[in-house]
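Asks: attaching a predicted model along with its sequence, questions to come.
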Amino acid sequence: MMISTKGRYALRIMIDLALNANEHPIPLKEVCERQGITIKYMEQIIPMLTKAGYLKSFRGSNGGYQLTRLPSEYTLGDILRTTEGNMAPVACLETEKNTCARKDTCVTLPVWEGLRNVINEYIDSVTLDDFLQEGKFSPTCELEYHI
């Protein structure tokens, strides 16, 4: 499984809006400049996030976007599923009911189900607020592990 540019950019947009939140909407141009994302690409992502109810748009000279909820109320899983669709590691697990003809005899199915569960548990445990907390993730976007 590979997260697309659209999914990665959607996360960066949401983090940027959370980091720079104030009482005024944030213009897309500002987010584009900070994130190095073209306005054309951002205009493909923003409607997905708005339709999902994650962003509120404001028109006019002081227009822009704001989060509709607190950063702690958005999970990485919410954002990725909105832009990427199902996060299943194999095709037979993309729908709620597995219709694969080999599901009853497939010796690898439990591995794929376990991987799906681990992925979903993890991405549903990380919130936008976690990205705002200093030290939670390193500046290079790699997880910091402490043993």
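Replies: Cool, got the structure.

Asks: okay, now Gly7: neighbour count?
Replies: Per other CB atoms under 10 Å, the neighbour tally for Gly7 reads 20. All C-beta atoms are positioned from the backbone trio N, CA, C, and that covers glycine.

Asks: same deal with Pro71?
Replies: So Pro71, with other CB under 10 Å, has 19 neighbours.

Asks: please apply the same query to the one 4 residues further on.
Replies: Here the neighbour count serves as a burial measure; for Thr75 (other CB under 10 Å) it reads 17.

Asks: who's in contact with it?
Replies: Ile123, Asp124, Ser125, Val126, Thr127 (CB atoms under 8 Å, 6 or more residues apart in numbering).

Asks: most neighbours among these, which one is it?
Replies: Thr127 (20 neighbours).

Asks: so who does that residue touch?
Replies: Pro71, Ser72, Glu73, Tyr74, Thr75, Leu76.

Asks: which residues does it bridge with?
Replies: Listed by DSSP bridges, the beta-bridge partners for Thr127 are Thr75.

Asks: and it, how far from Glu23?
Replies: 22 Å (CB to CB, to the nearest Å).

Asks: Ser4 is in contact with Glu84, correct?
Replies: Yes - checked against CB atoms under 8 Å, the pair Glu84 and Ser4 is within contact range at 6.3 Å.

Asks: between these two, who's got more neighbours?
Replies: Each of Glu84 and Ser4 has its neighbours counted (other CB under 10 Å); Glu84 has more, 16 against 12.

Asks: so who does that one touch?
Replies: Glu84 neighbours (CB under 8 Å, 6+ apart): Ile3, Ser4, Lys6, Gly7.

Asks: how much space separates it from Arg59?
Replies: 29 Å.

Asks: now Lys97
Replies: With CB to CB as the criterion, Lys97 and Arg59 are 42 Å apart.

Asks: please say which of these two ends up with more neighbours.
Replies: Arg59 (8 against 5).

Asks: so where's the protein uncertain?
Replies: 135-147 (pLDDT under 70).

Asks: how about the strands of it, start to end?
Replies: For the chain, the strands defined by DSSP state E occupy 55-58, 64-67.

Asks: could you export the last one as CSV, CA atoms only?
Replies: These are the backbone C-alpha positions of strand 64-67, laid out as CSV (Å, rounded to 0.1, in the frame of the first residue of the first chain):
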residue,chain,number,x,y,z
GLY,A,64,-10.4,31.2,2.8
TYR,A,65,-10.8,28.0,4.8
GLN,A,66,-11.1,27.0,8.4
LEU,A,67,-11.4,23.6,10.1
